[in-house]
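Novice: only the shape, not the letters, is given here:
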């Protein structure tokens, strides 16, 4: 029950199932009896881990299915054990995880702790059970630290919530829980279920601390100031929550202050902060103020439903508490009347609970009163009170009685439910209840039973009007006016009350005063608001009998009295200069606008008007605009083009500095503009510099280029535009020269130049002409060279001998003569090696297309390997070579004749092949498939196909070939031996054997024999019950190939055997299996271990052993069971969980057996029973030393005889 009960009772909310009852729409609460709570009150702890190992069989190792309860900061649960194998069986609930062991074993649970968190374990609990020979003791450690130990009973039980023996705190990373199991009495099992760890999982970082917050209550949008430390301004705090809901917004003012707004949907609860991933929680809770519809409370509890089962006597009366407080049902009873208006009830049964639950019904909760001697067909219904008497009928009347007075009445009219075996009647949600006088219109009757509404009762609830407009926060100036408004969809019947929070204490009602008006209307107005109202918060509660509507909170900011905005002055500008926009935010933070618009032509006073709500006054700013000055300069005398010009002055005669543009020019008249330097409030001015005539450039006709050495005429001394002068240097007709013309003085003209080009004679270039063969045609030589020189050649072309030709350029081209040699070669005769004679039809290799002396070409006619032929070689063009011939002789040989003989042979058989041409040679294409000797005898080896070739003798032998197929032999396969099983008693054969040869029936013929005699069976399988020697011959129907297989059919039988174990308490006990009957060969198996041929098993300890004797020939097996009795030769009572107790556990089922333990001097130390936990090595509460101790055992042996056994064992520390 500790898994399902808490100190405040059973609670199941909407759509939950508890104790088999499904609850819809209404919460259904059972509260524990106070006495039950006191007896079973648990230790204060939080459960961080619970595994019940489910309801599915377990066979995988390790076991990694997630536990039922697992803290959200834990992961990767894994269960393993030292035997590396899991199974399961019945546990406390569902499956229990199980291991099998004959020695000490351990179970290990590991899980991981999330980074940034640590685990503390304060207590633990688990259910355990062992088999008779299973481990008797457990010890548990967490991360190597001992936390507790105990014993393991054969009847499963929980150890109960157990505090850890040593502090387990600060566990991080991977946590390892080890359960050590000791004291096995033999091969046994251990089961584990409902494993729990209790404690906490907490952050291991430095959490922020919340020392206080204000206000402590409020509706949505309330601004809460949170005080404390470690908030880490800027980005340190990532989350603020109210009752687990994120704040609408928040601001970290400093490391010690956070301001946060209450979000929509916030519920009452603690405030939590997350700073750098670490969570801090307030000690106190914030209470969320929300709208609440009024609850329609009744004056007392009442009957909300009556249910009668169709079959049997079962029935239910549902009691509903419609009041606003808990009601004790002990003061109430149910009276049932067999007919409406009967004077005496058939019973008057109190509602006092018959189950261990609270007698109180909470507001809005249900209490079930059950009646009848048979169960109702509704699953999961649990009653607070059950009256095991007759059920309900039509025309019944039920009255709810309080302290002897009837307060509610329900009547089941027979006229309404006539003919129906069962019914359900439920009270309407809007019915006024309880009622002493029954009103049928308050009820909804279903003529047949229905389980749907048992445990459910709906009541009519009120609907509140929607809020169309919420109050909004305001900012005003000191002594200013403002208002807050709330608009409901409908406020008929509602009363308004505005609330205020002044920054400390609780919210208070606003009352009308010199500042406030409309405190009880939808609009609260503030007039002449003092500065002290700064940071006040307001909300409105609107109430009516239907409930309470709560508005959002709004904040008021009151700023101090008017501030004068301050601005930097603006320097004076020159008329027309650009003015930057004036700043819209003053140096003391006042925003606003300027008027009039900026003017850059006249001095203006500008007015700054602050934006509304800033509590600031207007101010002015003057911008001075000055009139510009015109700079003055002396004029510049005219110059001749090209004359030098002095720089123009950069300061005017009236003191204006500046610069001129464009750059000075002494070649043409130019107007120069003077631009004053910035900040002088001066205009630009101009100055004209006249350049008379300009410098005239003399012009001359160009002189054509000449060839080096040609004559040159004198250059003219007067230009085409009338400028006179002289040239330099002197004329030269050997190289290109630039000549300069210098005008005579006084002409305002410039020098000029003239270039006369003198070209060097060009050598004509031509492509070389390839050598030709004597007599070949020669194309005419080109009359224009590659570099454009025209001319003629001499002497005339000659194709009979090599000749040098001369090219003479045409006159006037400034070019020299050139020569060209054309080589004429004598033709070459190609040379080839002779080709040996071949046999007619022999292979002829292609003739070479390049001669031994390098001449390429082609042969004709085509090669012929049947007759002697003369072939002609024609050189390729351009090689200056002649044709030549080559003769190839073809000899006639023997004519090939066909090979005679069979085309197929079976593998392992022979055939004889022949050919009419005597004296030839035989060959096989693959000797691994078929081999042939010199006489033509072919032997098939393996299945396949070969080509047999016969070659005649002589210089030109003939070839004949033949394809021969080697067919595979059938491959019937029988076992070496088969066995028929005999009955051990009668000796009759009790089985048959199927001799199947492994080949299909299709495609084969089969012949069977028994002891050399034919058997009438032609299929691939012979079924027989006769021992003997069998053969089968399989013949391939297609190839005719045959193969035989043989086997022997013998007899065998199951063993007749018994098993014995050595004497009790022998040091090396053996189990001997005695086979006393049967005719087979046998093998022996101990405890599902490996099979062995020996009938003796050694090294037997203590416990029950299972032996199987199996016929090797498949004629069955028998199972035997023996029990070996022994005692432990030592124990180590040091508290480590291993061998801590000494006992002879093999006698656990002999409660009258006794063990007397003595020291070496014969002093009796203790007497124990094998069914007890054993001796712990202590005497009168003190540990005894390491030594040998003696014991005397009285018990009954296997034959039931009283026996006494004495021996000694060692105590080791």
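Specialist: Yep, that arrived. Just so you know, these numbers come straight off a predicted model, no measurement behind them. Numbering: from 1, shown residues only.
Novice: quick one, what contacts the residue nearest to residue 308 when sequence neighbours are not counted?
Specialist: Nearest residue to residue 308, sequence neighbours excluded (C-beta to C-beta, 6 or more residues apart in numbering): residue 392, at 4.0 Å. For every residue, glycine as well, the C-beta is placed using N, CA and C. Shown in contact with residue 392 (C-beta atoms under 8 Å, 6 or more residues apart in numbering): 306, 308, 315, 336, 371, 412.
Novice: from those, which shows the smallest pLDDT?
Specialist: The member of the contacts of residue 392 with the lowest pLDDT is residue 308, at 84.
Novice: what distance do you get for it to residue 344?
Specialist: 21 Å (C-beta to C-beta, to the nearest Å).
Novice: and these two? which has more neighbours close in?
Specialist: residue 308 (27 against 8; other C-beta atoms under 10 Å).
Novice: any weak-confidence spans in this protein?
Specialist: 1-45, 234-235, 355-356, 415-421, 447, 693-694, 746 (pLDDT under 70).
Novice: tell me which residues of the longest strand seen in it are tucked away?
Specialist: When the chain is parsed with DSSP state E, its longest strand is strand 188-203. Residues of strand 188-203 classed as buried: 188-199, 201-203 (neighbour count, 16 or more other C-beta atoms under 10 Å).
Novice: name every strand pairing with it and say which way it goes.
Specialist: strand 46-51 (antiparallel), strand 95-101 (antiparallel), strand 117-130 (antiparallel) (DSSP bridges).
Novice: make TSV from those and add mean neighbour count to it.
Specialist: Shown next, in TSV, are the strands paired with strand 188-203 (neighbours: other C-beta atoms under 10 Å):
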stretch	mean neighbour count
strand 46-51	20
strand 95-101	22
strand 117-130	22
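Novice: measure stretch 985-1002 end to end?
Specialist: 43 Å (C-alpha to C-alpha, to the nearest Å).
Novice: let me fix that: stretch 1035-1043
Specialist: 7 Å.
Novice: distance from it to the middle of the chain?
Specialist: Relative to its chain's centre, stretch 1035-1043 lies at 64 Å (C-alpha atoms, centre = their mean, to the nearest Å).
Novice: what sits up against it?
Specialist: Against stretch 1035-1043 from outside (C-beta under 8 Å, 6+ apart): 904, 906-907, 967-972, 1003-1007, 1033-1034.
Novice: can you add distance to residue 401 and give the strands paired with strand 188-203 back as a markdown table?
Specialist: As requested, those are exported to a markdown table (distance: least, C-beta to C-beta, whole Å):
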| stretch | distance to residue 401 |
| --- | --- |
| strand 46-51 | 44 |
| strand 95-101 | 50 |
| strand 117-130 | 46 |
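Novice: nearest approach to residue 59 belongs to which of these?
Specialist: strand 95-101 (10.4 Å; C-beta to C-beta).
Novice: ok so, going back, of the contacts of residue 392, which pair is most distant in space?
Specialist: 371 and 412 (13.3 Å).
Novice: same drill for those two, tell me which one is more crowded.
Specialist: The neighbour comparison of residue 371 against residue 412 (other C-beta under 10 Å) goes to residue 371, with 26 against 21.
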